[in-house]
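**Q** Generate a structure from the sequence data that follows.
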Amino acid sequence: MAHFCLLCGTPLEVKLIEGRDREFCPACGWINYEHLKVSAGCRVEKNGQLLLVKRRNPPFKETWHLPSGYVEGDEEPAAAAVRETREETGLDVSAGRLVGAYYYDDDERGNGVVLFYDAMILSGQLGVSDETLEVRFFAPAELNALPLAGMSAAHSIRDWLAEQKNV
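**A** Numbering: from 1, shown residues only. As a prediction, the model looks like this:
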């Protein structure tokens, strides 16, 4: 598939730049540096249980993850985490401390990093959305049997479980 320069429209070529094969424009010199996708979400806990959503859509359809999604270009990550939690669960939350940043390379849409914040429920009614099939709180003992939505889900939930053992 041909790629074109974002500045002048010339077809891009590939050459070794800074130790990596990179697309560049032979006309104006623009270099295409690939970027990670940035996502954010909330870790919502209630009575020792963790809130998860069952994904309605691919990728990872019918698997579980913390409520999360892409950060818009003009959005603070914590605000995106709050927005995504509301969109996916119906709950209005307040994002607290950043609890983890998780790299993933198993998403067909591209590699990325997801940032998770501890969050407190402010209001709202727990329910499904256009993006979720099911939304519910899970006790720690229930989490190991769930099909999880990729490596970021597995690592973030594993870290939450480790924290529960230390409480």
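**Q** Show residues contacting the helix or strand where residue 50 lies.
**A** Using DSSP states H and E, residue 50 sits within strand 49-55. Contacts to strand 49-55, defined as C-beta atoms under 8 Å, 6 or more residues apart in numbering, come from residues 42-45, 61-67, 88-89, 91, 131-140, 143, 146, 149, 157, 160. For every residue, glycine as well, the C-beta is placed using N, CA and C.
**Q** Give me the spatial nearest neighbour of the residue sitting furthest away from the middle of the chain, chain neighbours excluded.
**A** The outermost residue of the chain relative to its centre, with distances by C-alpha atoms, centre = their mean, is residue 27 at 36.5 Å. Nearest residue to residue 27 in three dimensions, chain neighbours excluded: residue 10, at 4.1 Å (C-beta to C-beta, 6 or more residues apart in numbering).
**Q** Mind giving me the ChimeraX select for the contacts of strand 49-55, buried ones only?
**A** Buried subset of the contacts of strand 49-55, written as a ChimeraX selection, criterion 16 or more other C-beta atoms under 10 Å:
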select :42,43,44,45,63,64,65,66,67,88,89,91,131,132,135,143,146,149,157,160
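**Q** Which ones among the contacts of strand 49-55 map onto helices?
**A** 88, 89, 140, 143, 157, 160 (DSSP state H).
**Q** Quickly check those residues for the two that are furthest apart.
**A** Across the ones in helices among the contacts of strand 49-55, the longest distance by C-beta to C-beta is 21.5 Å; it joins 88 and 140.
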